[in-house]
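>>> Give me coordinates for this.
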Amino acid sequence: MPGGRLTQQERQQIAMGLADGLAYAEIARSLDRPTSTVTREVMRNGGPAGYRADLAHRATEQRTHRRRPASVRGSQSAPDPHGRDAAALAEYEEMFTTVLMSSGLNKMASRVLTCLFVTDAGSLTASELASRLQVSPASVSKAVTFLESQSLVRRERDERRRDRYVVDGELFYQATIASARANDLLVETARKGVAVLGPDTPAAMRLENVARFLDFISESITRAAEQARAVLHTRAEPPSES
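This is a model prediction of the structure:
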């Protein structure tokens, strides 16, 4: 399997694949590349509707040029206390960010959430986030405000009375419950439509089926989240060696 950066020719093949409506996995197979490579390439360069091979290639060269001074500084920094490989960690963070973006989060919110998740403490201040991500405090503030509204991050005060932004497993439980409960309003609205349209009409039957479906989904998700909640507080066993 070829390694290294994508070539301009490969980017042109990605653009043609997108134009033909091919899935990322199908494009990746034609290039003999991991699907994650193609997904990351597309999402960081305009998305499936805005991807342009020449612009993507130029942007990558510019990013590489900007990173060179940082990599020199990084080589002089203290070694990771857990012995992690800096390049592998950076690649993983980029992949995690790309996956979050593909799930619907904007780029800055995805970068902030990724940064918090890969930090051992699970929490950082606004200034620490801005420093790590090399962005303005205003950008961090906007991203955190959105993440808080989605129950993906919570705010705490540390001993120095600074705001710290925290992620943990419990937040995923809360976000799952909130998402399930958000369906309740749709269920209620659909059933009001049944009364307005008349219970024996095709439109009313359609709305009632939608309401029943969403009601069942919400109950199932809530029940599953409650049953699985303990997993979030259980230490995972290391994988056994074969």
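>>> moving C-terminal of the lowest-mean-pLDDT helix or strand in the chain, what's the next helix or strand?
Lowest on mean pLDDT, DSSP states H and E among the helices and strands of the chain sits helix 53-75, with a mean of 62. Moving toward the C-terminus from helix 53-75, the next helix or strand (DSSP states H and E) is helix 86-102.
>>> Can you spell out which helices and strands pack onto whichever helix or strand comes after that following helix?
Downstream of helix 86-102, the next assigned helix or strand under DSSP H and E is helix 107-117. Applying 3 or more CB pairs under 8 Å, 6 or more residues apart in numbering; DSSP states H and E, we find helix 107-117 packed against helix 86-102, strand 123-125, helix 126-133, helix 137-149, strand 163-166. Glycine gets a C-beta too; all of them are placed from N, C-alpha and C.
>>> which outside residues touch the third one?
When contacts are defined by CB atoms under 8 Å, 6 or more residues apart in numbering, helix 126-133 is touched by residues 111-112, 115-116, 124, 136-137, 139-141, 144, 163, 165.
>>> again, only using 6 Å
With CB atoms under 6 Å, 6 or more residues apart in numbering as the test, helix 126-133 has contacts from 111-112, 115, 137, 140.
>>> From those residues, keep the buried residues only.
Among the contacts of helix 126-133, the ones that count as buried by 16 or more other CB atoms under 10 Å are 111-112, 115, 140.
>>> and which of the residues you listed is nearest to residue 18?
In terms of CB to CB, no member of those lies closer to residue 18 than residue 111, at 23.7 Å.
>>> How about the contacts made by that closest one?
Contacts of residue 111 (CB under 6 Å, 6+ apart): 97, 133.
>>> now with 10 Å?
Applying CB atoms under 10 Å, 6 or more residues apart in numbering to residue 111 gives the contacts 93-94, 96-97, 100-101, 105, 129, 132-133, 135, 139-140, 143.
>>> now residue 44
For residue 44, the contacting residues are 51, 56, 59-60, 63, 94, 97-98, 101, 107, by CB under 10 Å, 6+ apart.
>>> which among those residues end up buried?
Neighbour-count burial (16+ other CB under 10 Å) is assigned, among the contacts of residue 44, to 51, 56, 60, 97-98, 101.
>>> Give the other helices and strands that the longest helix along the chain contacts.
In the chain, taking DSSP state H as the definition, the longest helix is helix 169-197. In terms of contacts (3 or more CB pairs under 10 Å, 6 or more residues apart in numbering; DSSP states H and E), helix 169-197 is packed against strand 154-157, helix 202-228.
>>> what comes up buried for it?
Buried residues in helix 169-197, defined by neighbour count with 16+ other CB under 10 Å: 171-173, 175-177, 180, 183, 187, 190-191, 194, 197.
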